[in-house]
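Student: My questions concern the predicted model and sequence given below.
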Amino acid sequence: MKIIISIFSIVLILGMQSCSPKLQPYSGEVNFLYKEAQGTIAVKSTGYGKTLYDAVMDAQKNAFKVILFKGIPGTELNVPLIENESDAKSNHDSYFKKLFDQGFYKTFMMSSTESSNLIQIKGGKKITVDIKINYNSLRKDLEQNQVIRKFGY
């Protein structure tokens, strides 16, 4: 009987640990701030990471992933630039590796400013960053690399 209780306790403890919050591939914590000029947008994005640098990079990537794959309601980008995320990622794997893993997304960022203090959370750190993005250039790059079709064609 003691063995059964011990095994049950171990399984229960392991099960509870697996329920602890994990860092998501990307979050939808991206909010519209303002539109300054034609083809640019400013957003507030939240990022998570083990260090300040990781959290800021995560916030920047989140902003681009939301624009690309989810859209931002109430803006010109209310529909995503890319309709099917899984198909696009599988068909254009090298483009997305270059964009996110090699930091090519930074060429479309006009500015990035930390707008909150670094917050310690369970499993890492959290920060909010204000990011200004040139989405016209991003759209043109996606068209040139044949990730999306040109508008009207």
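Tutor: Happy to help now that I have it.
Student: Would you map the strands across this protein?
Tutor: 30-34, 40-49, 109-114, 119-121, 124-134 (DSSP state E).
Student: Could you dump the ones you listed into TSV with mean pLDDT added?
Tutor: TSV is the format used below for those (pLDDT from 0 to 100):
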stretch	mean pLDDT
strand 30-34	85
strand 40-49	92
strand 109-114	92
strand 119-121	85
strand 124-134	93
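Student: Mean neighbour count, those: which tops it?
Tutor: A comparison of these by mean neighbour count, using mean count of other Cβ atoms under 10 Å, puts strand 40-49 on top with a mean of 22. (Glycine included, C-beta is placed from N, CA and C.)
Student: Quick one, grab the pLDDT at the most centrally placed residue in the chain.
Tutor: Against the mean C-alpha coordinate of the chain, by Cα atoms, centre = their mean, the closest residue is residue 62 at 1.7 Å. Reading off the confidence values, residue 62 has pLDDT 93.
Student: Test my guess that it contacts residue 46.
Tutor: Yes - taking contacts as Cβ atoms under 8 Å, residue 62 lies within contact range of residue 46: 7.0 Å.
Student: what sits opposite the residue lying closest to residue 35 once chain neighbours are set aside in the beta ladder?
Tutor: Leaving aside its sequence neighbours, residue 35 sits nearest to residue 41 (Cβ to Cβ, 6 or more residues apart in numbering; 5.6 Å). Listed by DSSP bridges, the beta-bridge partners for residue 41 are residue 133.
Student: Helices of the chain, start to end?
Tutor: Secondary structure of the chain by DSSP state H: the helices cover 2-18, 52-69, 85-91, 93-96, 135-144.
Student: Indicate which one of the ones you listed is closest to residue 32.
Tutor: In this view, the helices of the chain are compared for proximity to residue 32 by Cβ to Cβ, and helix 52-69 is the closest at 10.3 Å.
Student: CA atoms only: put stretch 42-55 into CSV for me.
Tutor: Taking Å, rounded to 0.1, in the frame of the first residue of the first chain, the C-alpha atoms of stretch 42-55 are listed here in CSV:
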residue,chain,number,x,y,z
ALA,A,42,3.9,51.8,-33.6
VAL,A,43,3.0,48.9,-31.3
LYS,A,44,3.5,48.0,-27.7
SER,A,45,4.8,44.4,-27.4
THR,A,46,5.5,42.2,-24.4
GLY,A,47,8.4,39.8,-24.3
TYR,A,48,9.7,37.0,-22.0
GLY,A,49,13.1,35.6,-21.5
LYS,A,50,15.8,34.6,-19.1
THR,A,51,17.7,37.9,-19.5
LEU,A,52,16.8,41.5,-20.4
TYR,A,53,18.3,41.0,-23.9
ASP,A,54,16.2,37.8,-24.5
ALA,A,55,13.0,39.5,-23.3
